[in-house]
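>>> would you be able to build a 3D model of this:
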Amino acid sequence: MHDTLFMLEDARDMTIDEKLDIYKTALYRTYADSPEAYVLENKATLANAFFTIESVQEALKQMAPDHRQWEINKIRRELGISEAHIKQLAELDAQRSRRWEHGLEYMKERNAIVSQYEGREREEQLDALREKYFKHAAITIEREENDGFFRFERERIFGRN
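Okay, the predicted model is just below:
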């Protein structure tokens with residue numbers, strides 16, 4: 001399984017469907033008749049693992065949002081996730097997309113403040129900006145930033161975050 005995932009990381013000359021077929025085949029060959037067969041029961045985890053493959057993310061990033069969601073839903077369906085669960089996950093994906101858009105807007109404004117202000121004035125501007133964008137979560141965002149973590153600078157993984 002490890003070798004298959006490693007190969008798929010750089011498989012830029014294959015379609016997502018081809019990658020998914022290889023992934024599913026490797027899963028069933030590796031786990032179907034083994035003591036770890038329970039791995040195959042958690043379909044959402046299998047989908048999440050597939051979505052973390054770099055070449056899959058590259059392909060998803062190049063798609064228009066509607067087509068990307070259609071493709072994500074199709075992958076989930078092919079991995080055995082129920083239609084009801086796919087619908088729930090698609091709604092969660094939409095929430096995550098809105099959060100990312102919101103967060104990226106915040107980061108643009110944040111970077112402008114950081115470049116224009118210093119000291120206490122900068123902190124006041126950032127506090128107001130965090131409140132504007134995150135309301136009750138502003139304090140969490142501030143703590144993360146104080147620790148050097150900027151959640152909207154991390155990698156976006158379609159189908160997962």
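
>>> quick check, central residue of this structure?
By Cα atoms, centre = their mean, the chain has its centre lying nearest to Ile157, at 2.5 Å.

>>> residue ranges in this protein under the pLDDT threshold?
Judged by pLDDT under 70, the chain has no weakly predicted residues.

>>> what's the burial count for Arg77?
Number of residues near Arg77 (other Cβ atoms under 10 Å) recorded here: 15. For the C-beta atoms, the positions are set from N, CA and C on the backbone; glycine is no exception.

>>> got it, and Phe150?
For Phe150, the neighbour count with other Cβ under 10 Å is 14.

>>> same question for Glu83.
10.

>>> dump the residue contacts of it.
Applying Cβ atoms under 8 Å, 6 or more residues apart in numbering to Glu83 gives the contacts Arg77.

>>> in stretch 145-155, what's buried?
Across stretch 145-155, burial judged by 16 or more other Cβ atoms under 10 Å covers Phe152.
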